[in-house]
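S.K.: Okay, predicted coordinates and the sequence, questions at the end:
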Amino acid sequence: MNLEKLNAKYAALTIDERVREINKDFADMLVTSSFGITSAFLLHLVQRAHKHQKIYFLNTTFHFQETLDYKEQLTKLFNLEVEELVAEKWKNNFTRTDKTWTKNTDFCCQINKVEPLENIKKKFSVWVSGLMAWQNKNRTEKNVFEEKNGILKFYPLIDVTENEMNQYYEMHYLPFHPLKNKG
């Protein structure tokens with residue numbers, strides 16, 4: 001199925017239908033989570049539709065303790081199978097010791113985010129992401145699907161408003177990240 005057809009098909013679906021339908025079109029999907037502020041939304045949808053879907057957590061080792069605690073909370077709440085992706089130990093140690101993030105954030109991200117993902121990304125044909133257009137002005141023109149860096153990216157929540165997301169959290173009694181109210 002080509003990109004135009006995928007976008008036309010999935011744009012007409014609800015978010016629940018999108019998340020359920022993806023496995024009919026793709027047998028192998030990569031689901032990643034940062035366990036950030038809005039992560040419970042996508043994780044809840046995925047868990048309801050695909051109970052045994054593995055979730056990959058990119059552990060940069062630079063996370064706030066609250067994020068790690070939230071990861072544990074959501075893992076237990078949704079009974080998730082989470083696999084951590086971590087940079088090679090010596091490279092990660094170098095970025096910590098060198099404080100590379102203060103000198104060259106792109107290089108630091110390359111080591112701690114891009115490389116660990118590159119190692120598994122090639123095993124999958126579609127990568128599920130929880131991006132929502134309202135979160136950033138650069139996301140407003142995104143479709144449900146896009147080709148990016150050699151993989152098909154799937155954004156089932158891209159057209160959800162902040163209000164709709166908040167209603168979903170309330171309706172399903174989902175916990176927000178503990179740092180949400182601190183900005």
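M.R.: Ah, there it is. Numbering: from 1, shown residues only.
S.K.: pLDDT weak spots in this structure?
M.R.: 1, 137, 139-140, 183 (pLDDT under 70).
S.K.: Start from the N-terminal end of it and give the helices.
M.R.: Along the chain, the stretches classed as helices by DSSP state H are 3-11, 15-25, 39-49, 65-77, 89-98, 100-103, 105-109, 115-121, 162-171.
S.K.: who touches the shortest one?
M.R.: Yep, that's helix 100-103 we're talking about. The set of residues external to helix 100-103 that reach it, using CB atoms under 8 Å, 6 or more residues apart in numbering, is Phe62, Phe94, Thr95, Phe107, Cys108, Ile111. Just so you know, the C-beta spots here come from the backbone N, C-alpha and C atoms, and that holds for glycine as well.
S.K.: Which entries within these meet the buried criterion?
M.R.: Thr95, Cys108, Ile111 (16 or more other CB atoms under 10 Å).
S.K.: correct me, but Thr75 touches Asp69?
M.R.: No: contact criterion CB atoms under 8 Å: Thr75 and Asp69 do not qualify, at 10.6 Å.
S.K.: of those two, who's got more company?
M.R.: Thr75 (17 against 14; other CB atoms under 10 Å).
S.K.: mind listing what the closest residue to that one other than its chain neighbours touches?
M.R.: Nearest non-adjacent residue to Thr75, counting by CB to CB, 6 or more residues apart in numbering: Val82, 5.3 Å away. Shown in contact with Val82 (CB under 8 Å, 6+ apart): Ser33, Lys54, Ile55, Tyr56, Phe57, Lys71, Thr75.
S.K.: Of all pairs in those residues, which one is the farthest apart?
M.R.: Farthest-apart pair in the contacts of Val82 is Lys54 and Lys71; separation 14.3 Å (CB to CB).
S.K.: how far away is Leu117 from Leu58?
M.R.: Counting by CB to CB, to the nearest Å, the separation of Leu117 from Leu58 is 7 Å.
S.K.: Quick check: neighbours shared by these two?
M.R.: Thr32, Leu85.
S.K.: The residue nearest to Leu58 when sequence neighbours are not counted - how many residues pack around it?
M.R.: Counting by CB to CB, 6+ apart, Leu58 lies nearest to Leu85, which is 5.1 Å off, once chain neighbours are set aside. By the measure other CB under 10 Å, the count of residues near Leu85 is 17.
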